Each structure stands twice: as structure tokens, then as C-alpha cells.
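Novice: no sequence on hand, only this structure:
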């Protein structure tokens, strides 16, 4: 369902992510003392007394900032406030009123939205002096809270939900969860923005810009996908910063809850060891996979393009079931095919093959005489059944399951894929002794 939006804005380090985690009762928003940790706006589902809404965590607003991302962060926060049904303006009760607070208040007064001025870090509930100066911002009653301890949040939430619009009945349960994954600077955020048709994720040439996973639901031709833009996956040995580590964990969690992953590869660089690792990571977690060779428009000449395509096929042979598209997120070339591919892979990921059809295939395999043997023992597959979906798992009952070798397992997988439409999804084969 389409939930009301509550944007959380303010200067850096006033506790916005801690506040979001407290209200959403999760640890989705990255909390760190370093300024600028939250760059893109990220969305978190929350509930208060049965009233659901979406919290939007934003980067700190600084009108005068030396940060290379300062302007983009400010624009993201302002856009979040414009989209929201209500705005929580968080200030720091320990440091008191700051010039930056007046700048943000001025922006919000012009926005015309319902603003709740929330004074955070008031760990002593009776300390009225901590909020006195904030009346000067001209935004009405200051609400003292402690995001760390939860003091004051109940009364605040009562007030917030009282001004939210009625929930829309539109369902999002039929949306396909899609994680956009890949190495830093491969073009994931550009693709995210291209697919949703708006500039929501900050795009820059500096690797590691996206640190939180952010979701949005897109509808096309009456079909929905829920896009998750994730932090770039790095080698663990390269994650020497705790913030990068949390971003890495966030990406893993995004893959865990996705049905389909879009692996974005920089075609100007080619498939790297990290790309292979990311693909393996998605495969191991049973996620459907689509490979996107991005920046294809920058690869010069037919010979170079052929070389990149060959290299991708060779290095990603272990996920050869994944469709591969050549795209340019910047120009949009080739991206129109992604939606159809996502739904095809999602359907394969959830496919339930009738037992009768499985055993018809098994009869054909037995008739071909293709099997394995060791000494006097010879493998005989008695019957098969599908034991799970997402991803599909097939269990084969045999007389000597220990005889199954990797080559024979690959043969069975290939026959399954030839017979049934399992495009883009990993499949798992299980062998058990008959009876």
C-alpha cells in the first residue's frame, strides 16, 4: 500500500539516523559520528498504534559546506521535504540553537508543509531549558525527545500520525523485489534513476557514494517492481572503514530479500574479480540474476565490444543462465528491456514444475542411458519432485546418490533448463537414497 511519508531533515550530526532507527524500531539507517554518512535519502517503514507510514532519512543540510557532495545532499533533503506529508526538523538540544538551524528553518517555512520541530538529545525529560531557544525558529512548539533512549517519542508520534493523510488502498505486495548490485562506480545509481525516471540517488564519479539501500516502487504496463539501490560491493579486504562495512552489510541484506538482482558491470573496465564475486554472492543466496554491461556507448569500436562480450561470457560462465544486456544507463540505450527481463526471471524464480513433467523428463534421461557408475555400482534415478521455489529446488531419489559427480549434476541441470523455462534463476539439485 502507498504509505504517507514523513521526512526527517536537519543539520549533520543532530541524530537523524538514530531517530529514524528508534521510530522504525530497526537498525536500517547507518549511525556514525562522521559527518555526511547519510548522503542519499533512504526509506524505512514505521508503525505507531497500527498507523503505518514511511520515514525518509536524509543527509545533513549545510548551506555552506566544503563537502564535494554538499549541494547534492542538500538537494536530496529538500526534495524529500517536498515529497513528504509531514516533516520532522531535528535539532540538537545539547549544542543549542545554531546558525545552520535558522537556515534550514527558513527553507522549511517556505515549503508550506506541516513541520514538527524536534529537539533531540534531551536525555533529561524535565529539562525545559534545552528547548527554550528553539522557539525563535518560528516553527511553533519544540518537541523535546531523546532518540537514543526513546524519551518523548510517544507524544510526538501521536501528533505526527494525527496530521497524516488516509492510507491509499493500492497494494504493493505484487511488486518484484529487485536489488541493483555491483562494484562501486559501475553506474548503479544512474541506472536506478533511469528506471524510476527521476533523480533520487546522488550520481557522482566518486566510488562509494551510495551507502544505504533505498527502495522505490515503479509501475509499468500494470506490473510493479520494487527497486533497491545498494551500496557498491567491495572486497572485504578493502573495507577498511566502518561506514563502508555497514554499506556492504546493507547490500548483502538487499540481496537476501530480493527475487532478482541486476548486476551492473562497467563495460569500459570489463568483468573483474570483484564482479565475479558479486555474481557468486547472488547465486549462493538463491537470487535471480540479470547481467548488465553498462556504459556500452563508451566502448569504442566493434572489436572492443566483441572482446568485452567474450570476456563477460567466459568470466561469468558459472552464471550462464543469467540474461546479459548491453546498456547505457546514461543515455537509456537498452534499458527498456530490463523490465520485461525482470518479470521473466521472477516468474522462473518462483516456477513450480509439475511432478508428472519432471518424471517424464527423467524417463527420457534413463532411456538415453546417460548415467554414472563406479565398480559394480550404477546410478539409477527412480523419481524426482520439486521441493521448493525461490529458487527452484529439485530432489532426485536414487539407489546410490553418492555416485553423483559435479559433471553429471551439471548435465541434469542443463536438461532441466532445456525442458523448463528457468531463465535467470539458480536452481538447486538434491539427491537422496530411494526409500
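Specialist: Noted; the coordinates are in hand. What you see is a predicted model, and the numbers here were worked out from it, not measured in a lab.
Novice: could you look up the SS state of the residue nearest the centre of the chain?
Specialist: Nearest to the centroid of the C-alpha atoms of the chain, with distances taken as C-alpha atoms, centre = their mean, sits residue 228, at 2.8 Å. The three-state assignment at residue 228 reads strand, by DSSP: H, G, I helix; E, B strand; the rest coil.
Novice: helices and strands around the helix or strand containing residue 218, which ones?
Specialist: Using DSSP states H and E, residue 218 maps to strand 214-220. With contacts defined as 3 or more C-beta pairs under 8 Å, 6 or more residues apart in numbering; DSSP states H and E, strand 214-220 has these neighbours: strand 42-48, helix 188-196, strand 223-229. C-betas here are computed from N, CA, C, even on glycine.
Novice: identify whichever of the ones you listed lies nearest to residue 311.
Specialist: The closest of the helices and strands packed on strand 214-220 to residue 311 is helix 188-196. By C-beta to C-beta, the value is 20.5 Å.
Novice: buried residues in that closest one?
Specialist: By neighbour count with 16 or more other C-beta atoms under 10 Å, helix 188-196 contains the buried residues 188-196.
Novice: same thing with stretch 424-435?
Specialist: In terms of neighbour count (16+ other C-beta under 10 Å), stretch 424-435 has its buried residues at 424-427, 429, 431.
Novice: quick check: end-to-end length of stretch 79-99?
Specialist: Terminal residues of stretch 79-99 are spaced 22 Å apart (C-alpha to C-alpha, to the nearest Å).
Novice: quick one on the thing from earlier: how close does the residue nearest to the centre of the chain sit to residue 357?
Specialist: Spatial separation of residue 228 from residue 357 under the definition C-beta to C-beta, to the nearest Å is 34 Å.
Novice: elements contacting the strand or helix carrying residue 387?
Specialist: Under the assignment given by DSSP H and E, the secondary-structure element containing residue 387 is strand 381-388. On a contact count with 3+ C-beta pairs under 8 Å, 6+ apart, strand 381-388 meets helix 355-368, strand 393-398.
Novice: which among these is found nearest to residue 267?
Specialist: If you check each of those against residue 267 by C-beta to C-beta, strand 393-398 wins as the nearest, at 33.7 Å.
Novice: buried ones in the next helix or strand after that closest one?
Specialist: Using DSSP H and E, the helix or strand that follows strand 393-398 towards the C-terminus is helix 406-419. Buried residues in helix 406-419, counting neighbours by 16+ other C-beta under 10 Å, are found at 408, 412-413, 415-417.
Novice: I figured residue 391 hits residue 349, correct?
Specialist: Yes. Contact status for residue 391 versus residue 349: in contact at 5.8 Å, counting by C-beta atoms under 8 Å.
Novice: who touches both of these two?
Specialist: Both residue 391 and residue 349 are in contact with 288, 425, where contact means C-beta atoms under 8 Å, 6 or more residues apart in numbering.
Novice: these two: which has the busier surroundings?
Specialist: Higher neighbour count among residue 391 and residue 349: residue 349, with 25 against 21, using other C-beta atoms under 10 Å.
Novice: how about residue 371: what's its closest non-neighbour residue?
Specialist: Distances taken as C-beta to C-beta, 6 or more residues apart in numbering place residue 379 nearest to residue 371, at 4.9 Å, with adjacent residues excluded.
Novice: the stretch 151-300 of the chain: helices as residue ranges?
Specialist: If you assign secondary structure with DSSP state H, counting those that start in this stretch, the helices in the stretch 151-300 of the chain sit at 153-163, 188-196, 242-256, 273-284.
Novice: what is the shortest one packed up against?
Specialist: The one in question is helix 188-196. strand 176-182, strand 214-220, strand 223-229, strand 260-266, strand 288-294.
Novice: so what does the last one touch, helix or strand wise?
Specialist: Read that as strand 288-294. helix 188-196, strand 260-266, helix 273-284, helix 301-315, strand 324-326, helix 338-349.
Novice: over to stretch 418-433 now: how far is its first residue from its last?
Specialist: 26 Å.
Novice: show residues contacting that stretch.
Specialist: Counting contacts by C-beta under 8 Å, 6+ apart, the residues outside stretch 418-433 that touch it are 260, 283, 286-290, 319, 321-323, 341, 344-345, 347-349, 351, 353, 357, 361, 387-388, 391-401, 404, 409, 412-413, 416-417.
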